[in-house]
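Enquirer: Provided below for reference: sequence and predicted model.
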Amino acid sequence: MAGYGFPPEAERRGAIDDWWPTQDLGRWTEDGQLTLAGRVDDCVRTREGRLVNFVDVADRLRELRGVRRVQVVPLEGPAGIAFGAVIECDPLTGLTALQQQVLEALPSWALPRKLALVPTLPLLPNGKPDRQACLAVLEAPAAR
């Protein structure tokens, strides 16, 4: 648990089979390695009751032609929480073509409510995506 900030003497509340439950999501690879796939708070439950993992959506979007970087963020809306994607693409990738690729790459229940193409994904000084800046991009009138 080094790196989680728990003191060594912390009581292991809720330990399950000697595992300490966290908000992290992961999956086992075929060779028995545990790969982190994001956090529970990086998910949203759709109206159909499906749990959509933002990391999985971003991974699928990164595989599309012309896409360089992606940040998926939650969006508040009249129907509840949804999500949108800010996508850094090469200059030749247009929104219409990208929207078609997105429709083909994701199931209907995992489609972002809004997409915004940017020449450069907003980053924090540490190099990680700036979620607040991405949210502002999606809330701007030009996002579709």
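Expert: Cool, the structure landed. Residues are numbered from 1 along each chain as shown.
Enquirer: and Asn68, what element?
Expert: To be clear, residue 68 is Arg; Asn isn't right here. Element membership for Arg68 (DSSP states H and E) is strand 67-77.
Enquirer: That strand pairs with which strands?
Expert: In the sheet, strand 67-77 lines up against strand 80-89 (antiparallel) (DSSP bridges).
Enquirer: Contacts for the strand holding Arg68, please.
Expert: For strand 67-77, contacts defined as CB atoms under 8 Å, 6 or more residues apart in numbering pick out 44, 54-55, 57-58, 61-62, 81-90, 93, 98, 112-114, 121, 129, 131, 134-135, 138-139. For glycine as for every other residue, the C-beta is placed from the backbone atoms N, C-alpha and C.
Enquirer: Report all helices and strands that the longest helix seen in the chain contacts.
Expert: Identified as the longest helix of the chain according to DSSP state H is helix 95-105. Packing contacts for helix 95-105, counted by 3 or more CB pairs under 8 Å, 6 or more residues apart in numbering; DSSP states H and E, involve helix 54-62, strand 114-118.
Enquirer: Contacts for the last one, please.
Expert: To tie it back to what came earlier, the one meant is strand 114-118. 75, 84-89, 93, 95, 98-99, 102, 137-138, 140, 142-144.
Enquirer: One more: stretch 43-57?
Expert: Identification of contacts with stretch 43-57 by CB under 8 Å, 6+ apart yields 25, 37-38, 42, 72-74, 79-83, 85, 106, 109-110, 112.
Enquirer: Now, of those, which are buried?
Expert: Buried members of the contacts of stretch 43-57, counted by 16 or more other CB atoms under 10 Å: 25, 38, 42, 72-74, 82-83, 85, 106, 110, 112.
Enquirer: Where does confidence bottom out across those residues?
Expert: Across the buried ones among the contacts of stretch 43-57, the member with the lowest pLDDT is Gly38, scoring 60.
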